[in-house]
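> Structure, please.
(2 chains)
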Amino acid sequence: MSGRGWYISLGMVLICLILFWLELSTGVIDASFQDLISALSGNLTENSSLQHIILEIRLPRSMTAFWGGMALSVAGLLLQTLFRNPLAGPSVLGISSGAILGVSLVVLAAGGSLTGWLAGTAVTGGAMAGALAVTLVLLFVAGRLRDNTSLLIFGLMLGYLVSAVISVLEVNSGEQALKAFVIWGMGSFSRTSLMDANILALATLASASLLMFFLSQMNGLLLGDANAFSMGISVRRIRLLIILVSSILTALVSAYCGPVAFIGLVIPHLARLCLASSDHRKVLPLSMLMGAAAGLLCDWLSHSIFGGQLPLNTVTSALGAPVVLYLIIRGNQSRILI
Amino acid sequence: MISLNLKDLVCGYGTRKVTGPLTCDVSGPSLIAVTGENGSGKSTLLKTICGYQRPLSGTVTIDHLNVHEINDRERARKISLVGTGREASAGLDVISTIALGRFAHRSGLGFSTHQETDIARKQLFDWNLGHLASKRLFELSDGEYQRVMILRGLVQEASVLVLDEPTAFLDYKARAQLMKWLSILTEQKKTTVIFSTHDLNLVREYAQEIWHVSGTNVQRLTSDIRSFNPESEA
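Model prediction:
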């Protein structure tokens, strides 16, 4: 990585640390830096409710935001590279829609009968099952459709189809179940335990380690399938790898946090813009760091402005859409799109 | 000495036959021009020879290895294709792009090396394109882009280099320069070069062999290249 890349990465690490500190210490009760340190080391005995808030609520939430943001950005980058399409993201292949369908089946079909931890597990399981079902369909189809544009259109149409099924379920469901489903759909990093966040972390780091061996192949894909093939890159294999990895990451995040918009779409663009390059050897690491920072930032904003009542997706959309608009307008000069 | 053998090669899509059957043996370095009208199946033929597209029937072998059956990297060391067209807006830099041509020669875990970068840089300067070294792909003109992609094919050091319309975006001066490059390549590096083009003047001046595609028929000419004129037959 060039000097510039290292500086930007270092800056992102610092930003993540600051955001972590903000996430853990601000909220309904603010914690001083000392309180925070003692709470994290388990010694804040004089104020056990603050310790509880920090360890049981804010820590899992910020860890989920960190790893969730990172996972979504990796998925987004992979899909933009595969389709050589700047508008590709975790939601375009219908994977998020699959997760939503799974959840709507669980929540809307079971009505209000699910409560407590059972409801949480059922929602996570439903999202996972739905996302993986769509992934299996995609893998099956990817083996048969040769060109990526067809696959992209297939994914989009699959998404619409799934949305139609969801609408049918919504119309036929009770008020309470509908409300629970709508709230789930707004996205949130705060429904998870530390254990869930660890699973996200493990999946994200494992994916990134695996992708390390395929960075050149992904660069080759940017030159077009025929050229990549001619260089000895197994286009079929890398295509399946990208679909599999991005699906698993999207499925996990959707299951734990609901369909989180924009992070996966926007962050890879920001990383390319900062590096003035689309070389995956630089863009992948920076996207991971920036994604983590974006997750933390959006989560912190949703809990600290407007009385902490903003849904996560409102924040990601409000921040993400202007960035995309800026990239389009600026795109005429810089022209790096993928 | 390399040998490229096409045996009863029929190219096409699904059940639609485009060209062939074509049988020919090329041994030793040669500069082969593929000519024919738009839509005659030149690209299909080239893609099939490179292994990118499966033939309807017949085989393509290089040094007795079937290009449609050997693994990707092994094939890439035998034959490389520089496609037509341009993927818009990629932000890769020129040196890394050319260095990617060395992918098939990597060993171990397949990570990129400094050696690749050195080879790419040397190649770029050898062909007097050093001024492009610090640029990224989207900053190049169509002609520059095409030359960078051709260099990517060159560093791959395959026995057979296939170029689909390499002169399409080049001006007359660059065309002549490219053809001189390719002539040098066949003479010095013992590479067989197959290129498609519509520029018959270039064909008459530089080609050592012509494959003229018309209808489903491929006509092979190895002599009287200087007087090649497909229009007169029509």
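> Flag every residue of chain B that's near chain A.
Residues of chain B lying near chain A by C-beta under 8 Å from any C-beta of the partner chain: B:47, B:50-52, B:72-77, B:79-83, B:85, B:87-93, B:96-97, B:100-101, B:103-104, B:109-112, B:136, B:138-139, B:149, B:152-153, B:156. No exception for glycine: its C-beta is placed from N, CA and C like everyone else's.
> Just the residues you listed: which are in strands?
Taking DSSP state E as the definition of strands, those contribute B:79-82.
> Kindly indicate which of those lies nearest chain A.
The closest of those to chain A turns out to be residue B:81 (C-beta to the nearest C-beta; 3.9 Å).
> Distance of the closest one relative to residue B:63?
Per C-beta to C-beta, to the nearest Å, residue B:81 is found 17 Å from residue B:63.
> Next, the contact list for residue B:193, please.
B:29-32, B:160-163, B:182, B:185-186 (C-beta atoms under 8 Å, 6 or more residues apart in numbering or on different chains).
> What pairs with the helix or strand harbouring it, parallel or antiparallel?
Here residue B:193, judged by DSSP states H and E, is contained in strand B:192-196. Strand B:192-196 pairs in its sheet with strand B:31-36 (parallel), strand B:160-163 (parallel), by DSSP bridges.
> If any of the residues of chain B next to chain A are buried, put those into a PyMOL selection.
Only the buried entries of those go into this PyMOL selection, using 16 or more other C-beta atoms under 10 Å in any protein chain shown:
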select buried, chain B and resi 47+50+51+52+72+73+75+76+77+79+80+81+82+83+87+89+90+91+92+93+96+97+100+101+103+104+112+136+138+139+149+152+153+156
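> Give me the neighbour count for residue 84.
Answering for chain A, as no chain was given. 21 (other C-beta atoms under 10 Å in any protein chain shown).
> meant chain B, my bad for not saying
Quick note: residue B:84 (other C-beta under 10 Å) scores 18 neighbours.
> Equivalent analysis for residue A:128, please.
20.
> In terms of helices and strands, where is the residue nearest to it when sequence neighbours are not counted?
Counting by C-beta to C-beta, 6 or more residues apart in numbering or on different chains, residue A:128 lies nearest to residue A:255, which is 4.6 Å off, once chain neighbours are set aside. If you go by DSSP H and E, residue A:255 is part of helix A:235-257.
> got it, and residue B:175?
In the assignment (DSSP H and E), residue B:175 maps to helix B:172-188.
> Contacts made by that helix with the rest, please.
By C-beta under 8 Å, 6+ apart, helix B:172-188 touches B:29-31, B:127, B:143, B:147, B:150, B:154, B:161, B:163, B:166-167, B:170, B:191-193, B:195, B:199, B:202, B:205-206, B:208.
> List buried residues within these.
In the contacts of helix B:172-188, burial by neighbour count holds for B:29-31, B:127, B:143, B:147, B:150, B:154, B:161, B:163, B:166-167, B:170, B:191-193, B:195, B:199, B:202, B:206, counting by 16+ other C-beta under 10 Å.
> what pLDDT, on average, does the biggest helix by length in chain A get?
Counting by DSSP state H, the longest helix found in chain A is helix A:116-142. Averaged over helix A:116-142, pLDDT sits at 77.
> got the residues of chain A near chain B?
So chain A meets chain B at A:84, A:86, A:213, A:215-217, A:219-220, A:222-224, A:226-227, A:229-234, A:272, A:276-279, A:281, A:335-338 (C-beta under 8 Å from any C-beta).
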